[in-house]
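Enquirer: Here's my sequence, what's the structure:
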Amino acid sequence: MTMLQEKDRQHLIGEFENLAAPVKMVIFTQDSGCMYCPQTIEIAQEVAALSDRLTVEIYDYPISPEEVGLYKVDKTPAIVMLRGSSDGTWKDYGIRYYGIPAGYEFSSLVHDLLMVSNGDSGLSAETRQELAALDSPLHLQVFVTPTCPYCPNAVLLAHQLAMESDFITADMVEANEFPQLSMQYQVMGVPRTVINETVHLEGAAPEAMLMERVRQALAN
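Expert: Residues are numbered from 1 along each chain as shown. Predicted structure coming up:
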């Protein structure tokens, strides 16, 4: 059974003609306690089949400690997105998906593939300059649900920041798949962005507002 409709496949084939560099989706999965691991793999494989610049690499989370440590993933299903270079190395921008990228979040996955491949975050010059001066780790967690039409904008903005700075990691977290995390961070509605555990932002905020909260988190 395929996850993508034929019209969606044809649209994506056209979109992926704009891919510049290769992109690899590294997926962490496990047999038990992960309801949507098989579907996450299926989505990634179907998408990767639409372009020779896209590949999928799959690891079994419980028996892959080296890779788990390398990419610092801590739950499944997880997708890590890497950009390939001409010398055969892969760049990890700190872009993470925890949970199935389904519903509205499928658009986030497609946008990220294009962004990572083309190597441009698309952020404003002011934000790029500010992030270039960053010298301490910053962790963003964006809680979403597949039925939330506003969530992709929040996810994409967080991933843009991660792409711009090696100090930033940004996670999409599907709230329903990780209820303990949702309770820990008091997620009553989505999207909800948690920055460095201490600062929260509700809704799909514009770039300037997110950067204001980033400054607040760094000052704590």
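Enquirer: which sections of the chain are below the confidence cut-off?
Expert: Segments of the chain classed as low confidence (criterion: pLDDT under 70) are 1.
Enquirer: now the helices for it?
Expert: Using DSSP state H, the helices assigned to the chain run over residues 6-15, 37-48, 65-71, 105-118, 125-132, 151-164, 179-184, 207-219.
Enquirer: and those as a markdown table, adding distance to Val190?
Expert: C-beta: built from backbone N, CA, C; applies to glycine. Output for the helices of the chain, formatted as a markdown table (distance: least, C-beta to C-beta, whole Å):
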| stretch | distance to Val190 |
| --- | --- |
| helix 6-15 | 24 |
| helix 37-48 | 19 |
| helix 65-71 | 25 |
| helix 105-118 | 11 |
| helix 125-132 | 24 |
| helix 151-164 | 6 |
| helix 179-184 | 9 |
| helix 207-219 | 16 |
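Enquirer: Identify, out of those, the most deeply packed stretch.
Expert: helix 151-164 (a mean of 25; mean count of other C-beta atoms under 10 Å).
Enquirer: What is that helix packed up against?
Expert: Packing partners of helix 151-164 (3 or more C-beta pairs under 8 Å, 6 or more residues apart in numbering; DSSP states H and E): strand 90-98, helix 105-118, helix 125-132, strand 138-144, strand 168-174, helix 207-219.
Enquirer: ok now the second one, how far from the chain's centre?
Expert: Just to be clear, that refers to helix 105-118. Mean C-alpha position of helix 105-118 versus that of the full chain (C-alpha atoms, centre = their mean, to the nearest Å) differs by 9 Å.
Enquirer: any idea how the protein splits into domains?
Expert: Following automatic domain parsing, one finds the domains of the chain at 1-120, 121-220.
Enquirer: how about the helices and strands packed on helix 151-164, which one is nearest Met183?
Expert: Set against Met183 and scored by C-beta to C-beta, the helices and strands packed on helix 151-164 come closest in strand 138-144, at 11.1 Å.
Enquirer: Quickly note the distance from Ala170 to Pro62.
Expert: Distance from Ala170 to Pro62, counting by C-beta to C-beta, to the nearest Å: 25 Å.
Enquirer: what do you get for Ser51?
Expert: 31 Å.
Enquirer: Cys151 now?
Expert: Per C-beta to C-beta, Cys151 is found 29 Å from Pro62.
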